[in-house]
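Sequence and predicted structure below; questions after.
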Amino acid sequence: MFGANLRQLAADYPSISDLARQLGINRTQFNRYLSGESFPRPDVLARICRFFEIDARVLLEGGGGEQRRRAARRTCAQGRRAAAQR
């Protein structure tokens with residue numbers, strides 16, 4: 001579940017290597033997360049959530065793939081707008 005949800009969020013990025021670099025995660029380890037082979041430690045999960053500006057439940061819960069992705073993007077956009085107004 002986590003790997004599939006992370007893959008959906010990562011799909012908007014042209015390079016997995018670049019995305020892993022931006023997240024500060026080793027590319028090989030990030031690929032393990034994407035494949036579902038491994039699960040990140042709590043601090044790494046928090047870093048991923050901060051980067052995508054989403055709640056961890058978006059990554060951890062199943063179902064609603066594209067709908068969940070759109071909701072995450074809306075939440076992300078709203079967060080950026082609120083931060084810009086500060």
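Structure's in. What do you need?

now the end-to-end length of stretch 26-43.
14 Å (C-alpha to C-alpha, to the nearest Å).

Contacts for it, please.
1-4, 6-7, 10, 16-17, 19-21, 23, 25, 48 (C-beta atoms under 8 Å, 6 or more residues apart in numbering). Yep, even glycine has a C-beta here, placed from its N, CA and C like the rest.

and these, which two are the farthest apart?
M1 and R21 (25.1 Å; C-beta to C-beta).

Let me know the average pLDDT across stretch 20-37.
Mean per-residue pLDDT for stretch 20-37: 96.

Pull up the distance across it, start to finish.
Using C-alpha to C-alpha, the distance between the terminal residues of stretch 20-37 is 16 Å.

Ok, stretch 7-16 next?
Termini of stretch 7-16 sit 10 Å apart (C-alpha to C-alpha).

which of the residues in it are buried?
For stretch 7-16, burial by neighbour count (16 or more other C-beta atoms under 10 Å) applies to Q8, L9, A10.

out of the residues you listed, who's nearest E61?
Nearest member of the buried residues of stretch 7-16 to E61, counting by C-beta to C-beta, is Q8, at 12.4 Å.

how close does the closest one sit to D43?
22 Å (C-beta to C-beta, to the nearest Å).

can you check Q22 too?
For Q22 relative to D43 (C-beta to C-beta), the value is 17 Å.

Which one's more surrounded, these two?
Q22 (11 against 7; other C-beta atoms under 10 Å).

The more buried one and I48 touch, don't they?
No: judged on C-beta atoms under 8 Å, Q22 makes no contact with I48 at a distance of 10.7 Å.

Any idea how far stretch 1-17 is from the middle of the chain?
Its chain's average C-alpha position is 7 Å from that of stretch 1-17, according to C-alpha atoms, centre = their mean, to the nearest Å.
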